[in-house]
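Undergrad: Okay, predicted coordinates and the sequence, questions at the end:
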There are 4 protein chains.
Amino acid sequence: MTESRFSAPRAASSPTGRKASDKRDRILHAATHVFARKGFHATRVSEVAKAAGVADGTIYLYFKSKDELLISIFEDRVDHLLEAVRREMEALPNAQARLRRINELQLGLLDGERDLAEVITVSLRQSTRLLKQYAAPKFLAYLETIADVIKGGQADGSFRDDVVPLDAARAIFGALDGLALTWALGPAHPGALQATAGQVASVFLQGLERR
Amino acid sequence: MTESRFSAPRAASSPTGRKASDKRDRILHAATHVFARKGFHATRVSEVAKAAGVADGTIYLYFKSKDELLISIFEDRVDHLLEAVRREMEALPNAQARLRRINELQLGLLDGERDLAEVITVSLRQSTRLLKQYAAPKFLAYLETIADVIKGGQADGSFRDDVVPLDAARAIFGALDGLALTWALGPAHPGALQATAGQVASVFLQGLERR
Amino acid sequence: MTESRFSAPRAASSPTGRKASDKRDRILHAATHVFARKGFHATRVSEVAKAAGVADGTIYLYFKSKDELLISIFEDRVDHLLEAVRREMEALPNAQARLRRINELQLGLLDGERDLAEVITVSLRQSTRLLKQYAAPKFLAYLETIADVIKGGQADGSFRDDVVPLDAARAIFGALDGLALTWALGPAHPGALQATAGQVASVFLQGLERR
Amino acid sequence: MTESRFSAPRAASSPTGRKASDKRDRILHAATHVFARKGFHATRVSEVAKAAGVADGTIYLYFKSKDELLISIFEDRVDHLLEAVRREMEALPNAQARLRRINELQLGLLDGERDLAEVITVSLRQSTRLLKQYAAPKFLAYLETIADVIKGGQADGSFRDDVVPLDAARAIFGALDGLALTWALGPAHPGALQATAGQVASVFLQGLERR
DNA sequence: AATGAATGAGAATTCATTCAT
DNA sequence: GATGAATGAATTCTCATTCAT
């Protein structure tokens, strides 16, 4: 019954069209929290609604289904990541620097956000549909961005030619995802992820280096 | 509620002396197979029964619940797998060879344990309770086995000292897991995974190499 | 709960002097159209709103509920139809001509009342409450109108005396209803129905003829 | 909770395979009764289950959906009708006798069964899917059987050539259906339907007669 | 008056589990 | 032990209706 618990303290930004997206975000945040705590399947839609302070039906105004809700958490994050990566890549001098930055960005987005990390690494795989979606356009776009960096390194002669860029991209994504998983499952150490990112980058860079 | 592991007459009884446990194994194998294909939640108990060639109710003579069935796969088989990995490690001459073998084993390329590898990769994360209660400790044990290989390599001077073994293990696990996931979900290209596995090992080995 | 027929200023108000009732009529016509197409239950209130070019909530300014909307179609329009049928009957010279005209009218071939005829045929039976409470009496009144035509034919000696007028009316209604239903459900063949209507009339007329 | 209320007093007929179809019939009868009373849409599946003395889920062992349940009532009846009509047709001397018998059979099947008549004439049209099904194979087969009788009459020169047999069949079916409808809506008069059947047949026969 | 975002009661259906045979 | 028909609790999603703007 209590209205607008998150009524957005973010000051009065734009005059119009903020309320609606507010609600979408509220649902998304609530879902991330509850999914992380109980797991996707064990969470009832009504629990998400309650946590978001909206009616059950309201969720379906913003998301087609419970599955879509989970997928949206993932895609929203990939969107941000993809945007950040694309924005920064050009400014960096070479493939090495780019790969390092990708590592930092991917882990940085989860660092300090246990719930999100848990959902991305654990709940995400609880939805068969999402799993199929794992090869979804947005995710693939991200992998291809990584692959492009590797291709760039191969083109300028600094990276080995014998690795398939897209497979390497998958391995890098997976490596970072694996770190996030164990981090999410273990005790919380804010900043720990970022620190590790440098090491992973270092190993991969040396591993990809042309001899 | 009644405890029921139904160890079953493994000695006397029938001519071959293993009839009862036969059925339990059949169910376990069938479940591993079907879970690997469709995921734990998407699989109906009746599908496991059908695949095992028994009636639905029969499953409940051997396992308390669907969850217990998944847990039993872990209890009965993951331990063996983990033990096998450790035993193999010892037999191998150096850290490089060991890391390569880890690659092969995790991707289930040998031993006909492909389904089991997939259950671990896909179904593992589908039961929150299972994940936290059973899988997490074993998962850590597995990671430590990998970490030990890396420590060994550092000790004998072939691997870099500046990487934290457990973090490297997490990254390696994640990289392989990510590849296996992509592969398990897409159309089957048996050869492709094996080739990729070799590449990943090569990258990691070069990446970990002491200069 | 509040009674609300909102008769609306039909005189003064706007330049054209019919704005408010305009909207009520628009909704009523839109509903007739959509109900005719999809049936009462399968039609969403929002679909009626869209077809009428008003907001969902606006419908509730003019009608208490979705059911009332259907009832209003009957109240506002079926009476007119029934009256029109009766008026027409009087103007026609003999029972044969009248029966032919009944055929045409019921099949909604004239007056642009096709949708209304379909609502009566299809939606009529979809609301049990509506059927029993509103439609049944009017339905009987309609049957009696047909029966009166037959009685007239018997009185002037052109129709057989051995058929019970009301039963014949029921049969005629049913025959036309059955044809309309088949026609409404299948692909539209405007000409085909008209041709069929003529045949049915012809058969019934010959069938009722006194020898 | 109470088991087997209708446990079949029909004596011990066949040794096996009677119980299951018993349950199907029980559900079918219960549904006919409840649908007739409350209408199809207003009836909850759980109400049918309760009336049949089975669990909600049991209904889905015998019928795919609530819609299928309604359709099955109709189709079972059409099956009986079709079978009876086909069995008898050959033995009858001419098209006139056949058409008379069809009339009797169609109405006779409903006479004395108010619930069934109400479901067939009213509830049947409450399901959009069923309406589509109105052109379903079984129903069409029945119409074609009637049409064949008419064709036969045209072939031997006793019926008019200018009517389309299938349209005439629809009109005849509709006429009988219309009689059943008003009978179902009005007060109960057992035997009334059968009596009327003769009149309708007489009108149609004279109407179809070649001059 | 008009809007349409939000509501939340309500219902069909699924499927793990049981138990009479 | 084995069966599989029957169970019924549990849950997503829909959609008529409301009401703040």
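TA: Received, thanks.
Undergrad: Once you drop chain neighbours, what's closest to residue A:192?
TA: Here the nearest residue to residue A:192 in space, its sequence neighbours aside, is residue A:183; by C-beta to C-beta, 6 or more residues apart in numbering or on different chains that works out to 6.3 Å. Glycine gets a C-beta too; all of them are placed from N, C-alpha and C.
Undergrad: quick one, what contacts that neighbour?
TA: Residue A:183 makes contact with A:110, A:117, A:189, A:192, A:193, according to C-beta atoms under 8 Å, 6 or more residues apart in numbering or on different chains.
Undergrad: Next, count neighbours for residue A:115.
TA: Taking other C-beta atoms under 10 Å in any protein chain shown as the criterion, the count of residues near residue A:115 is 19.
Undergrad: Doesn't it belong to a helix?
TA: Yes - the assignment for residue A:115 by DSSP: H, G, I helix; E, B strand; the rest coil puts it in a helix.
Undergrad: so the nearest residue to it once chain neighbours are set aside is in which element?
TA: Once flanking residues are discounted, residue A:115 sits nearest to residue A:36: 3.8 Å by C-beta to C-beta, 6+ apart. Assigning secondary structure by DSSP states H and E places residue A:36 in helix A:19-38.
Undergrad: what mean pLDDT does that helix have?
TA: Mean pLDDT, taken over the full extent of helix A:19-38, equals 88.
Undergrad: angle of whichever helix or strand comes after that helix against helix A:19-38?
TA: Going down the chain from helix A:19-38, the next helix or strand is helix A:45-52, by DSSP H and E. Note on geometry: by axes from the mean of the first three to the mean of the last three C-alpha atoms, to 10 degrees, helix A:45-52 and helix A:19-38 are set 120 degrees apart in direction.
Undergrad: sorry, back to before: quick one: secondary structure of the residue nearest to residue A:192?
TA: The three-state label for residue A:183, taken from three-state DSSP, comes out as helix.
Undergrad: where's the helix holding residue A:36 relative to the chain centroid, distance-wise?
TA: Between the mean C-alpha location of helix A:19-38 and the chain-wide mean there is a distance of 15 Å, by C-alpha atoms, centre = their mean, to the nearest Å.
Undergrad: quick one: contacts for the residue most central in space within chain A?
TA: The structure's chain A has its C-alpha centroid closest to residue A:77; by C-alpha atoms, centre = their mean the separation is 3.9 Å. Residues in contact with residue A:77, defined by C-beta under 8 Å, 6+ apart, are A:109, A:116, A:120.
Undergrad: related to what we said a few turns ago, tell me the contacts of the residue nearest to residue A:115?
TA: Residues near residue A:36 by C-beta under 8 Å, 6+ apart: A:114, A:115, A:116, A:118, A:119, A:122, A:123.
Undergrad: one more time with 6 Å
TA: For residue A:36, the contacting residues are A:115, A:118, A:119, taking C-beta atoms under 6 Å, 6 or more residues apart in numbering or on different chains as the criterion.
Undergrad: Make a markdown table from those residues and add distance to residue A:104 and pLDDT to it.
TA: Compiled in a markdown table, these are given as follows (distance: C-beta to C-beta, whole Å; pLDDT from 0 to 100):
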| residue | distance to residue A:104 | pLDDT |
| --- | --- | --- |
| A:115 | 21 | 90 |
| A:118 | 21 | 86 |
| A:119 | 21 | 88 |
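Undergrad: Nearest to DNA strand F among these?
TA: In terms of C-beta to the nearest atom of the strand, no member of those lies closer to DNA strand F than residue A:119, at 15.7 Å.
Undergrad: In chain A, which helix is the longest?
TA: Ordering each helix of chain A by length in residues (DSSP state H) puts helix A:66-89 first.
Undergrad: What mean pLDDT does the helix or strand harbouring residue A:193 get?
TA: Using DSSP H and E, residue A:193 maps to helix A:192-208. Summarised as a single mean, pLDDT over helix A:192-208 is 92.
Undergrad: picking that back up, roughly how far apart are the residue nearest to residue A:192 and DNA strand F?
TA: According to C-beta to the nearest atom of the strand, to the nearest Å, residue A:183 and DNA strand F sit 28 Å apart.
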